[in-house]
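>>> Structure of the sequence below:
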Amino acid sequence: MTDFSAITEKFTPMIHHIIQSLSIYKNKEEYFQVGLIALWESYRNFNADHGKFHNYAYTVIKGRIMNELKKHHKYDANTKPTDALKLEIMAPLSLHEEAFKSENIFAYTEGLTLNQQRWLLQTYLHNRTVTEIAEIYEVSPSAVKSWRRSALVKLRRQMNVGCK
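Got it, this is the predicted structure:
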């Protein structure tokens with residue numbers, strides 16, 4: 001056989017014909033590339049004892065493009081686009097943002113000790129780390145961790161009581 005560039009020129013109309021016969025109107029370039037890859041593989045794997053190259057190439061190209069179509073169809077069927085309105089409704093970050101507004105943080109301090117309130121306010125209003133809080137109040141980081149641990153227990157208990 002001749003070189004592959006000559007084969008490509010000769011079979012390009014066939015690939016376009018297959019794409020048209022399968023009613024592909026989106027992503028034609030992508031399917032054309034799939035067809036070229038299939039042409040290359042059929043060129044490399046062709047055995048003259050089994051028939052004409054033209055028939056073999058047509059079958060391989062059409063089969064590969066149909067497989068790609070099935071794959072894209074399956075993907076489109078299983079994934080649904082989400083529009084901006086749905087994103088606004090479902091956005092979990094907006095719930096977190098609402099919960100961590102300064103007005104709402106003060107509501108969580110009810111029932112906490114002074115040190116637990118310090119940990120909560122410093123952490124969520126000023127974004128300070130355990131070490132930074134310990135330096136501000138001149139205590140050890142393990143003391144601040146203790147405040148955090150007991151505050152979280154109380155906050156979880158408050159959340160569960162409020163939910164029931």
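>>> Now find how far off-centre stretch 4-12 is within its chain.
Counting by C-alpha atoms, centre = their mean, to the nearest Å, stretch 4-12 is centred 39 Å from the centre of its parent chain.
>>> Any buried residues in that stretch, and which?
For stretch 4-12, a neighbour-count test (16 or more other C-beta atoms under 10 Å) marks 7, 11 as buried. Backbone N, C-alpha and C define where each C-beta goes, glycine included.
>>> Quick check: mean pLDDT of it?
Average pLDDT, stretch 4-12: 90.
>>> Now do that stretch: everything it contacts.
1, 36, 39-40, 43, 57, 61 (C-beta atoms under 8 Å, 6 or more residues apart in numbering).
>>> what stretches of the chain score poorly on pLDDT?
For the chain, the stretches with pLDDT under 70 are 1-2, 80-104, 161-164.
>>> at 80 what do you get?
The model of the chain has pLDDT under 80 over residues 1-2, 79-109, 159-164.
>>> contacting residues around Pro42?
No, residue 42 isn't Pro; it's Ser. 53, 56-57, 60-61.
>>> I'd say Leu120 and Glu110 touch.
No. In this structure, Leu120 is not within contact of Glu110 by C-beta atoms under 8 Å, at 10.9 Å.
>>> out of the two, which sits in the more crowded spot?
Between Leu120 and Glu110, counted using other C-beta atoms under 10 Å, the more crowded position is Leu120 (21 against 9).
>>> The host helix or strand of that one packs against which elements?
In this assignment (DSSP states H and E), Leu120 forms part of helix 114-126. Counting contacts by 3 or more C-beta pairs under 8 Å, 6 or more residues apart in numbering; DSSP states H and E, helix 114-126 packs against helix 102-108, helix 130-137, helix 141-163.
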